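Chemist: When you get a sec, could you give me coordinates for this:
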Amino acid sequence: MTSGCEVGNEDRAADQGNNAVVRSDMDHWYFSYGSNLWPEQMRRRLGALFIAEHANTELCPRLVTLPKHRVNFSMLSSDGCYYANIIAADEDVLGVIYRCNSLALEKLDVFEIGYDRIITQVYDAAGQTFDAAVYIARPENFSNLGKPDSEYLNRILRGGMHHGLPADYLRSIEATAGLTPTNQPISSSRH
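Modeler: This is a model prediction of the structure:
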């Protein structure tokens, strides 16, 4: 069942289409910490522009850390729903970077209404740093912490499990959300 949250953004972006394009300029990294962790959502949003798995390991998604930040649900959308945001803190945000081109980022901009796209630095387990695009809530969309829709939370958790984010970290996202997800509990196994 689809929730009332995020449907509006999906409908607005559907007009953009998912036409296939040649991936010759995969020169950007995009850092996902929220529902775009879920590969199925990225496929729906980007179509042929999305690379989930690739023989060239340089194009594969990578687990990374954004230091001195934490995830909360402080982005209040015009639809009245709360979405993930990152704020400065003495913690780290775990997520995934996807390789993409400028057109893919422009398509993501259509979905990320209420956010600004900025460039930040993240690092992987080997200590390699990457400049990556990330979405943060615009000041006018920042609100006191709210609770996200349970389906939205499930996309974050499913995506995190898919990419192998630690179960303890995913449980902390659940606790921050203040909701019980509608799918199975988070296990310590990787998918």
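Chemist: For the closest residue to Met75 other than its chain neighbours, grab phi and psi.
Modeler: Nearest non-adjacent residue to Met75, counting by CB to CB, 6 or more residues apart in numbering: Ala137, 3.8 Å away. Just so you know, the C-beta spots here come from the backbone N, C-alpha and C atoms, and that holds for glycine as well. Ala137 adopts backbone torsions of phi -60, psi 140, taken as degrees, to the nearest 10.
Chemist: can you check Gln128 too?
Modeler: Dihedral angles of Gln128 (phi, psi; degrees, to the nearest 10) stand at phi -70, psi 130.
Chemist: pLDDT-wise, which helix or strand of the chain ranks last?
Modeler: Confidence across the helices and strands of the chain bottoms out at helix 7-14, with a mean of 38, counting by mean pLDDT, DSSP states H and E.
Chemist: Would you confirm that Tyr98 belongs to a strand?
Modeler: Yes. Assessed with DSSP: H, G, I helix; E, B strand; the rest coil, Tyr98 lies in a strand.
Chemist: For it, grab the count of nearby residues.
Modeler: 28 (other CB atoms under 10 Å).
Chemist: what pLDDT does Val21 get?
Modeler: In this model, Val21 is scored at 35, pLDDT.
Chemist: before we move on, what about Tyr115?
Modeler: At Tyr115, the pLDDT value in this model is 96.
Chemist: what about the strands in this structure?
Modeler: 28-32, 62-76, 82-100, 115-123, 129-137 (DSSP state E).
Chemist: Just put those in CSV and tack on distance to Gly178.
Modeler: Below are the strands of the chain laid out as CSV (distance: least, CB to CB, whole Å):
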stretch, distance to Gly178
strand 28-32, 22
strand 62-76, 8
strand 82-100, 10
strand 115-123, 22
strand 129-137, 18
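Chemist: Look up how far Asp131 lies from Ala104.
Modeler: Ala104 sits 16 Å away from Asp131, going by CB to CB, to the nearest Å.
Chemist: More neighbours: those two, which one.
Modeler: Neighbour count, other CB under 10 Å: between Ala104 and Asp131, Ala104 has more, with 26 against 12.
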